[in-house]
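> take this sequence and fold it.
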Amino acid sequence: MAVIFSKNISEQCIVTLWKIEEDVDFFLKYLCIKKEDLEVCSNATHPMKQLEWLASRSCVKYTVELLEHRYQGIEKDELNNPFLSEIQGFVSLSHTSDYTVVIINLKEEVGIDIERISNKLSRVAHRFLSELEQLHAGDDLFKMCIYWCAKESLYKWYGKKNLSFKDNIFIKPFGENPTLVNGQIFIDGMLKTEHKLNVFYMEDYVITATAP
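Here you go, the predicted model:
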């Protein structure tokens, strides 16, 4: 297995990063899924999307078992948020073509995201950064990536739709190579919640995860 790390954020919370190096057959066997059922299970027809789906579920299974539970699959609620079948706990996952990352907390809601540092962030920065955040980030793609990941993680943690990254979710300014950032969600101009997020780095990727 290409597990890069599994970090205990707390006794009840683990973050796992998995590099997608295995083939479809490996994941099918690991998850006990028949090849003819893959399209229905993954709701995807493209081979790469199927592989990413398999890898993300394998990462969840691996992490669930680290917490000494039996993996029973993932379901979606009415807002399309994932939850663990037959387990009292919370899960969030994210993936790219290279990596999949998962956070599981047996007690609290969670949110996680992984993003590659790329020029596309500068082209859309005005859509997801407030004026203060734009001033802080400047033309630094690394900072933009941290902002994006942290906001996406908070969006997933909150679990409700219709939040604007620019107008509802804010990340306080941070220093160089932060390992922890602070985020806020405002609804109708009022502070709804504040939350800390862990920050991890892998090659040219940034990962953020809500902290317990």
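
> quick one: residue 153 from residue 168, how far?
Noted for residue 153: a distance of 14 Å to residue 168, by C-beta to C-beta, to the nearest Å. From N, CA and C alone the C-beta is placed, and that goes for glycine too.

> also residue 21?
37 Å.

> so the two - more neighbours on which side?
Each of residue 21 and residue 168 has its neighbours counted (other C-beta atoms under 10 Å); residue 168 has more, 19 against 10.

> isn't that one up against residue 186?
Yes. Residue 168 lies in contact with residue 186 (C-beta atoms under 8 Å); the separation is 5.6 Å.

> would you map the helices across this protein?
For the chain, the helices defined by DSSP state H cover 24-31, 38-42, 47-66, 120-128, 131-137, 141-158.

> CSV please, covering those helices and showing mean neighbour count, mean pLDDT and distance to residue 111.
Output for these, formatted as CSV (neighbours: other C-beta atoms under 10 Å; pLDDT from 0 to 100; distance: least, C-beta to C-beta, whole Å):
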stretch, mean neighbour count, mean pLDDT, distance to residue 111
helix 24-31, 15, 95, 24
helix 38-42, 15, 88, 22
helix 47-66, 20, 95, 15
helix 120-128, 14, 95, 16
helix 131-137, 15, 97, 18
helix 141-158, 24, 97, 3
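
> can you redo those as a markdown table with distance to residue 109?
Formatted as a markdown table, those follow (distance: least, C-beta to C-beta, whole Å):
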| stretch | distance to residue 109 |
| --- | --- |
| helix 24-31 | 25 |
| helix 38-42 | 25 |
| helix 47-66 | 16 |
| helix 120-128 | 22 |
| helix 131-137 | 24 |
| helix 141-158 | 5 |
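
> out of those, which comes closest to residue 16?
Residue 16 sits nearest to helix 47-66 of all the helices of the chain, at 4.5 Å, using C-beta to C-beta.

> now the closest one against helix 24-31, angle please.
Orientation check (axes from the mean of the first three to the mean of the last three C-alpha atoms, to 10 degrees): helix 47-66 against helix 24-31 gives 30 degrees.

> now for the helices of the chain, which one comes closest to residue 11?
Going by C-beta to C-beta, the one of the helices of the chain nearest residue 11 is helix 47-66, 11.9 Å.

> name the helices or strands packed onto the closest one?
strand 3-10, strand 13-19, helix 24-31, helix 38-42, strand 90-95, strand 99-105 (3 or more C-beta pairs under 8 Å, 6 or more residues apart in numbering; DSSP states H and E).

> how's the chain carved up into domains?
3-110, 114-210 (automatic domain parsing).

> does residue 57 touch residue 31 like I think?
Yes. Residue 57 is in contact with residue 31 according to C-beta under 8 Å; the separation is 5.8 Å.

> what is in contact with the two at once?
With contacts taken as C-beta atoms under 8 Å, 6 or more residues apart in numbering, residue 57 and residue 31 have no neighbour in common.
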